[in-house]
Every structure is written in structure tokens, then in C-alpha cells.
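Undergrad: Following is a predicted model, sequence given first.
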Amino acid sequence: MRPPGLKLFLLAICTVLAFRGNAQTNPQTCTGSLGDPVINQDFGSGPNPGGPLAPGMTNMTYTTNNCPQDGEYTIANSLVGSGNCHPFLWQDVPTDHTGNPNGYMMIINASFAPSIFFTQSATGPNGLCPSTTYEFSAYILNLFTKEASGTNAVQPDIAFSIESTSGVALAYAHFNNIPNTRKGTLGWTKCSVYFTTPANVTDVVVKMNNLAPGGYGNDLILDDITFRACGPIIQSGFSSATGVATQQFCEHGSANYTLKSQVIGVNNPTYQWQSNANNTTWTDIPGKTTSTLDVSFTNAVAGLYQYRLGITNGTSTSVRCRVYSAPLTVTVNPLPVVPPFAPQTICEGSPLTLTATGGANYIWSGPNLAPTMQNPLVINNVTPANAGTYSVVAMSAQGCTALPVQAVVKVTPKVTAILNTSPVTICGGESVPLSASGGLIYKWTPSAGLNRDDIANPVATPSKTTTYTVTVTNDAVCAGDAKSVTITVNQLPLANAGSDKKIFEGQSVKLEGTVKGDQITSVYWSPTTNLSDFTSPTPIASPTDNITYTLHVVSQSCGVSTSSVYIRVYKKIAIPNAFSPNSDGINDVWNINQLVTYPESSVIVYNRYGQQVYQSTGYAKPWDGTVNGSPLPGGTYYYVIDLKNSTPKVAGWVLIVK
């Protein structure tokens with residue numbers, strides 16, 4: 001096709017006129033049985049573009065361009081998208097006719113003059129059998145779309161001629177009505193011719209001629225060219241030649257079948273049975289050369305098992321001369337495979353769901369369960385009576401039954417918590433044992449005051465009134481039951497007499513006692529001497545001498561608490577301002593009244609020159625007016641007295657009279 005440059009895939013239904021021998025007109029079709037392809041030209045597969053054909057197979061010019069011009073061809077695995085150079089005129093062809101991955105096809109743009117665009121030879125080892133009828137066929141696609149054809153489009157006009165290599169014409173077929181189709185609708189057409197080889201002919205040549213001129217149209221695609229033997233009708237079936245063509249049974253089963261056949265219109269054919277497992281390769285069955293075949297299965301493996309009878313005329317056994325009956329099929333259906341079930345533990349009162357897969361139908365059975373086809377199997381509100389082993393038998397859509405598959409179900413019973421401890425009142429610091437039962441796992445809250453919170457019998461030593469709750473379960477999944485008990489804690493009596501006090505003789509002080517605790521029945525001080533109210537925690541104390549008071553706090557149930565406070569009563573001192581150390585027995589020493597009650601006091605005396613003439617700690621022995629044993633002269637001396645009780649120092653003068 002010249003511009004607008006149309007590449008044509010030819011899809012058509014071919015009207016075949018076959019001429020045998022002296023070119024007598026006789027439409028031919030193979031009405032009997034066909035053999036396997038003796039020659040099967042599908043052009044191979046691979047990336048675009050494919051390589052050129054072998055020399056002598058075409059008189060057209062090879063191009064690597066996916067858009068061949070008039071008189072050119074290419075080999076490609078698709079013609080779509082950017083690879084389709086005439087997307088508005090040509091069909092998009094995503095794959096070849098064979099359907100192989102990346103399978104090639106021959107894309108042809110016819111030349112202006114009629115030409116032989118393809119030649120196929122069957123010669124030598126690839127030759128045919130003599131005196132045998134064959135079908136030669138090829139699939140052709142009219143590449144030009146119906147929308148683009150119009151009245152000026154040239155349609156392919158194809159002729160097949162079959163002759164011996166010596167030039168003897170064997171058949172002729174003319175296909176001048178290869179229709180095109182609308183865009184997007186592909187119509188591959190099988191064009192075939194039927195012929196019989198003479199007794200002395202095994203090598204033949206088929207030539208495909210394009211009789212139409214090139215130009216606008218006449219573009220086509222060629223694929224899947226075959227020679228196949230064509231023979232008489234072979235009837236075959238199970239048990240009789242006209243019996244059923246299929247049988248089936250289940251995996252691991254056993255079966256025996258008799259396959260029978262009859263050949264119509266042929267006397268004394270040569271027989272050969274073949275088998276094919278799982279659509280792999282047809283192979284001859286050794287020794288099976290009669291019209292009947294016995295087939296046996298024992299502990300059968302799942303799969304597709306096919307059988308067919310091949311025949312040849314006379315004594316020839318060549319597969320190139322053989323035709324075959326339609327396959328007889330034995331399907332060994334697989335048993336359904338149900339995945340195993342993991343053991344289940346479920347809580348009483350929860351729903352149990354068991355789901356089987358792998359089959360078409362199921363029968364469940366189990367504890368206290370009538371057989372049922374329900375799947376998933378659902379049991380609401382399970383009880384311990386539902387625990388045990390369940391079995392499911394799966395059946396395939398073909399009726400094959402698998403061995404039972406089991407599911408083990410454990411039901412965790414509901415828990416009723418039992419609290420063996422009654423509410424109790426204790427004193428602070430005391431302990432009380434707690435006790436619960438009814439399950440396997442225990443959890444106490446709060447944990448404060450417990451020696452452990454995860455056992456049935458903890459010991460509680462709460463510091464205050466506490467309500468303990470125990471949750472009892474049988475496992476970590478199922479909900480438990482809870483019970484509570486309150487432990488009332490009476491706080492111990494606590495007496496605090498306050499801090500020690502210091503006063504001078506004649507002064508008073510308020511005691512700072514405090515009282516704590518529950519159920520306090522009495523509070524009192526002892527001794528009661530010089531207290532304003534001995535039953536008050538804060539009485540006024542007016543002691544005349546050093547004294548210790550003790551505060552007593554009495555609880556009704558939790559004992560007695562005591563606390564003491566010491567009051568230091570400092571005596572008043574009287575400091576004479578003169579004494580006469582003349583040994584007359586009257587005022588011979590400086591006698592400071594009550595200073596002896598201050599054992600830590602300091603007394604220092606200075607002369608008028610600031611020289612220290614006397615020093616003492618405490619005043620157990622009054623000063624006699626001497627220094628280092630020598631009498632001091634009469635006169636005025638100065639003193640500093642520090643009582644060491646956080647009171648101001650006392651300073652003054654004293655006169656020694658001589």
C-alpha cells in the first residue's frame with residue numbers, strides 16, 4: 001500500500017476451491033479426523049523485529065521497519081500504538097495468532113504486481129507420506145479496517161498452489177473473499193486446502209500468491225501455517241465407540257476403564273494408542289495397537305489423563321501419516337486440602353467460630369453438636385460442655401471427600417471470686433491476712449500495704465483505712481470476677497509534749513502538747529503540780545523548780561502514748577556590792593545568792609586597771625578577795641557574770657572593805 005500507507009492484517013473466512021490432479025474444480029474440506037501438524041510454521045518468537053525468512057521462502061523484500069512499504073514484509077510480535085504506522089487504517093494487533101509470548105507473525109504490504117509472498121516446502125525428513133490425504137492451512141488477517149476500506153480499497157486475493165517438487169500439480173485453492181472488520185475487532189481466518197499425495201510423492205511445495213494489485217489496501221498478516229494428515233472418521237468412547245468422552249473420580253481412588261473405537265470407511269488400519277498426562281506431550285503407549293485400550297488406576301494421583309487412538313492406512317506407523325481420534329479424558333480430581341487448625345482457647349460465654357477452607361462443602365461435628373454443613377461453624381455463648389475436638393470433612397465441587405481435619409477447642413470457665421476475709425478494724429501498724437479463692441490468677445488493688453498483690457493470700461499492713469479489691473481469673477485472656485473488703489485502720493495514739501522550756505523563777509510558760517490518733521478516751525499530764533489544767537494538751541505551767549511533765553494519750557483500742565517536756569527554772573541571783581575579807585566571820589566572802597544553781601556560769605573580776613583578778617566556772621566556792629592566794633587591797637573591783645543560759649551578761653562593781 002502506498003501513502004496513506006496502510007499495513008493490512010487479513011482476517012477473513014476463506015472460501016476454498018481445491019483442484020486435484022488435472023485441476024478439476026472440487027471444493028474440499030476435511031470431514032474426517034486430523035493428525036498432529038507435520039509442519040507448523042509459526043515464525044518463532046522474540047523481540048521486535050524478527051529476522052528475515054530463509055532464502056527461497058518469499059520474493060518480497062524484508063524490512064526491519066514495522067511499517068513495510070509496497071512489496072515489503074517484516075516479522076514482528078505486535079502492531080499497536082506507536083508501532084502501528086497507519087493507526088487510522090490498520091487494525092491494532094497486540095499479539096500473533098498463536099498466542100505465544102512475543103510470538104512472531106509475517107506482516108505483508110502487497111506489491112503492485114501479483115507475487116509469491118510465501119513458499120512452504122515439505123521435503124526430505126520433513127516430507128509427507130505417499131497416498132495420504134492432507135490439509136494445508138494458514139491463518140490470514142485482513143489488516144485494512146472496514147471503516148477505512150471504502151469503495152477504492154483493494155482486498156487481498158490469495159491463491160494456494162500445491163505441487164510436487166517435480167512440478168506435478170496436486171491442488172489449487174483461491175481465496176478472493178477475505179473480509180475486513182471494524183477497528184478493534186480482529187478476525188483471523190483459517191484458509192485451507194485438502195489434497196492427496198500420489199503413491200510416489202512425498203515432497204511437496206506450497207506457494208501463496210497474492211493476485212490482487214498493491215495500492216490502497218491489500219495489506220495482510222500471515223501466521224500458523226500447517227500440514228496435517230486428514231483421514232477417516234474415528235469414533236471413540238468409554239465402554240463403546242459411541243460412549244461418553246470423559247470420566248472422573250477422586251484422588252487416591254482406583255478405577256478401571258475400557259476405551260473402544262471404530263474407524264469408518266477404512267479396512268484394516270494400523271492402530272496406535274497414545275496418552276498425555278496434564279497437557280504435556282502425547283506419547284505412544286507401547287504394545288497398545290488394537291481398537292480397544294484398558295486403563296487402570298490404583299491410588300491415583302490427581303491430574304488430567306488423556307487418551308487417543310491414532311491410525312494409518314495399511315502397515316505404515318509413521319506419525320506423519322497418522323490421524324487421531326478426539327481425546328478421551330479421565331480427570332482424577334484432587335481431594336480438598338483443609339489447612340490445619342491451631343488449638344483454640346475461648347472464654348465461656350464468648351462465640352466460637354471455626355472456618356474451614358479448601359473445599360466446596362463441609363460437614364462439621366463435635367462435642368454436643370449434631371453434624372452440620374454450616375461453615376463457618378459458629379456457636380454463640382459457649383460453655384465448658386462445648387470444649388473438645390471438632391472435626392470437619394471437606395468435599396470438593398466434584399464430590400471428592402477429604403480426610404477429617406480436627407480442631408481442638410478449650411473453654412475457659414467463668415470465674416466466681418470468693419473472698420474469705422471479712423471487714424475488720426485494726427490498729428495502725430498491725431497486719432491482717434487476706435484470702436481469696438475461686439480461680440488460678442489473683443490480682444489485688446491497691447497494692448499499697450500488701451506484701452504481694454499477685455497471690456491468693458497476701459498479708460495487708462495498711463497505713464490507713466483501705467478497701468482492697470481482688471480480681472480472680474483463670475487465664476490472661478478471659479474476664480474475671482472481683483470482690484472487695486475494707487480494712488479499717490484506727491490510727492495509734494500519738495502524744496507530743498512539745499519542746500523543752502526555760503523560765504526564771506516566778507515565771508509561767510504554756511506547754512505545747514499535741515494529740516493524734518483515733519478513739520482517744522483521755523488526755524492528761526503528770527505530775528499535775530503547778531499546771532493550770534492537767535487534762536489540756538496546752539496548760540499553763542508555773543513550776544518553782546526544774547521539772548519534767550509527761551503527756552499521756554489513751555486510745556480505747558490502740559493503747560497509750562506518752563511524751564515528756566523538761567522545764568528549766570532558773571533561780572534569781574542577788575549580787576552583794578561589798579564584802580570585808582577580814583576573817584571576822586562576817587561577810588568574809590563575796591556570797592552571790594543562787595549562783596551555785598548555774599554550774600556552767602562564768603564569773604570574771606577585774607581591778608581598776610582592767611587586770612583580771614578572779615575567774616570561775618560555776619560558783620561552788622564564793623570568792624574570798626584574793627588572787628593566787630594573796631589578799632587584794634581594799635577598793636572597787638569590776639565583775640562580769642555570764643549565766644550561760646542565753647540571758648544577757650550581768651556587769652557591775654563590788655567593794656572590798658578592809
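TA: The structure has been received and is ready for your questions. Residues are numbered from 1 along each chain as shown.
Undergrad: where does the stretch 1-150 of the chain dip in pLDDT?
TA: Within the stretch 1-150 of the chain, the stretches with pLDDT under 70 are 1-29.
Undergrad: again, but for the chain
TA: Using pLDDT under 70, the flagged stretches of the chain are 1-29, 151, 314-315.
Undergrad: change it to 50
TA: Residues of the chain that meet the criterion pLDDT under 50 lie in 1-27.
Undergrad: contacting residues around L128?
TA: By CB atoms under 8 Å, 6 or more residues apart in numbering, L128 lies in contact with 38, 122, 134, 197, 201-204, 227, 320-321. Where you see a C-beta, it was placed from the backbone N, CA and C, and this is true even at glycine.
Undergrad: my read: V472 touches K414, true?
TA: No. Between V472 and K414 there is no contact under CB atoms under 8 Å: 10.6 Å.
Undergrad: So for the two, which sits in the more crowded spot?
TA: The residue with more neighbours, out of V472 and K414, is V472; 22 against 17, by other CB atoms under 10 Å.
Undergrad: Give the bridge partners for the more buried one, please.
TA: Y442, D481 (DSSP bridges).
Undergrad: Any chance you could list what contacts stretch 50-65?
TA: Applying CB under 8 Å, 6+ apart, the contact partners of stretch 50-65 are 43-44, 49, 69, 71-77, 104, 106, 108, 111, 115-120.
Undergrad: Name the residues contacting each of V472 and K414.
TA: Overlap of the contact sets of V472 and K414 (by CB under 8 Å, 6+ apart) consists of D481.
Undergrad: which phi and psi does the closest residue to S555 other than its chain neighbours have?
TA: Among residues not flanking S555 along the chain, P493 sits closest, at 4.1 Å (CB to CB, 6 or more residues apart in numbering). Main-chain dihedrals, P493, degrees, to the nearest 10: phi -60, psi 140.
Undergrad: looking at it, P493 is touching S557, isn't it?
TA: No. Counting by CB under 8 Å, P493 stays clear of S557, with 9.9 Å between them.
Undergrad: These two: which has the busier surroundings?
TA: Legend: neighbour count by other CB under 10 Å for P493 and S557, higher for P493 (27 against 13).
Undergrad: what residues are up against that one?
TA: 515-517, 520, 553-555, 558-561.
Undergrad: out of those residues, who's nearest S325?
TA: C558 (109.9 Å; CB to CB).
Undergrad: List the beta-bridge partners for the nearest residue to that closest one once chain neighbours are set aside.
TA: Of all residues not flanking C558 in the chain, C427 sits nearest, at 3.9 Å (CB to CB, 6+ apart). C427 has these beta-bridge partners by DSSP bridges: N490.
Undergrad: what's C427 in contact with, if anything?
TA: Shown in contact with C427 (CB under 8 Å, 6+ apart): 489-492, 555, 557-559.
Undergrad: List buried residues within those residues.
TA: 489-492, 555, 558 (16 or more other CB atoms under 10 Å).
Undergrad: tell me what the host helix or strand of L222 is packed against?
TA: In this assignment (DSSP states H and E), L222 forms part of strand 219-231. For strand 219-231, the elements it packs on are strand 10-11, strand 33-41, strand 105-109, strand 115-122, strand 133-142, strand 323-324, judged by 3 or more CB pairs under 8 Å, 6 or more residues apart in numbering; DSSP states H and E.
Undergrad: Keeping just the C-alphas, turn that strand into CSV.
TA: Extracted in CSV, the C-alpha atoms of strand 219-231 (Å, rounded to 0.1, in the frame of the first residue of the first chain):
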residue,chain,number,x,y,z
ASP,A,219,-2.3,-5.5,3.4
LEU,A,220,-2.4,-8.7,5.4
ILE,A,221,-0.8,-10.7,8.2
LEU,A,222,0.1,-14.4,7.9
ASP,A,223,0.6,-16.9,10.8
ASP,A,224,0.4,-20.6,11.9
ILE,A,225,1.0,-22.5,8.6
THR,A,226,0.5,-26.3,9.0
PHE,A,227,0.4,-29.6,7.1
ARG,A,228,-1.8,-32.2,8.9
ALA,A,229,-2.9,-35.6,7.8
CYS,A,230,-6.6,-35.9,7.1
GLY,A,231,-8.2,-39.3,7.5
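Undergrad: could you give the angle of that strand to strand 115-122?
TA: Orientation of strand 219-231 against strand 115-122 (axes from the mean of the first three to the mean of the last three CA atoms, to 10 degrees) gives an angle of 30 degrees.
Undergrad: What is the distance between strand 219-231 and the centre of its chain?
TA: For strand 219-231, the gap between its own C-alpha mean and the chain's C-alpha mean amounts to 53 Å (CA atoms, centre = their mean, to the nearest Å).
Undergrad: now the angle from that strand to strand 33-41?
TA: Inter-element angle recorded for strand 219-231 and strand 33-41: 140 degrees (by the same axes, to 10 degrees).
Undergrad: Tell me the strands beside strand 219-231, with direction?
TA: strand 33-41 (antiparallel), strand 105-109 (antiparallel), strand 133-142 (antiparallel).
Undergrad: Among the contacts of stretch 50-65, the buried ones, what's the PyMOL command?
TA: The following PyMOL line selects those of those that are buried, judged by 16+ other CB under 10 Å:
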select buried, resi 43+49+69+71+72+73+74+75+76+77+104+106+108+111+115+117+118+119+120
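Undergrad: and the contacts of L128 as JSON lines, adding distance to A171 and neighbour count?
TA: Converted to JSON lines, these look like this (distance: CB to CB, whole Å; neighbours: other CB atoms under 10 Å):
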{"residue": "V38", "distance to A171": "16", "neighbour count": "22"}
{"residue": "A122", "distance to A171": "13", "neighbour count": "21"}
{"residue": "Y134", "distance to A171": "9", "neighbour count": "30"}
{"residue": "T197", "distance to A171": "10", "neighbour count": "22"}
{"residue": "V201", "distance to A171": "12", "neighbour count": "20"}
{"residue": "T202", "distance to A171": "16", "neighbour count": "19"}
{"residue": "D203", "distance to A171": "15", "neighbour count": "15"}
{"residue": "V204", "distance to A171": "9", "neighbour count": "23"}
{"residue": "F227", "distance to A171": "12", "neighbour count": "24"}
{"residue": "R320", "distance to A171": "18", "neighbour count": "22"}
{"residue": "C321", "distance to A171": "18", "neighbour count": "25"}
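Undergrad: Closest one of these to V477?
TA: So of those, ranked by how close each gets to V477 (CB to CB), first place is V38, at 71.5 Å.
Undergrad: What separation do you get for the residue nearest to G513 when sequence neighbours are not counted and S296?
TA: Nearest residue to G513, sequence neighbours excluded (CB to CB, 6+ apart): P537, at 3.7 Å. According to CB to CB, to the nearest Å, P537 stands 113 Å off from S296.
Undergrad: between these two, which one's more packed in?
TA: P537 (19 against 9).
Undergrad: burial measure for S149, as a count.
TA: When neighbours are counted by other CB under 10 Å, S149 registers 19.
Undergrad: surely it meets T181?
TA: No. Using CB under 8 Å, S149 makes no contact with T181, being 10.1 Å away.
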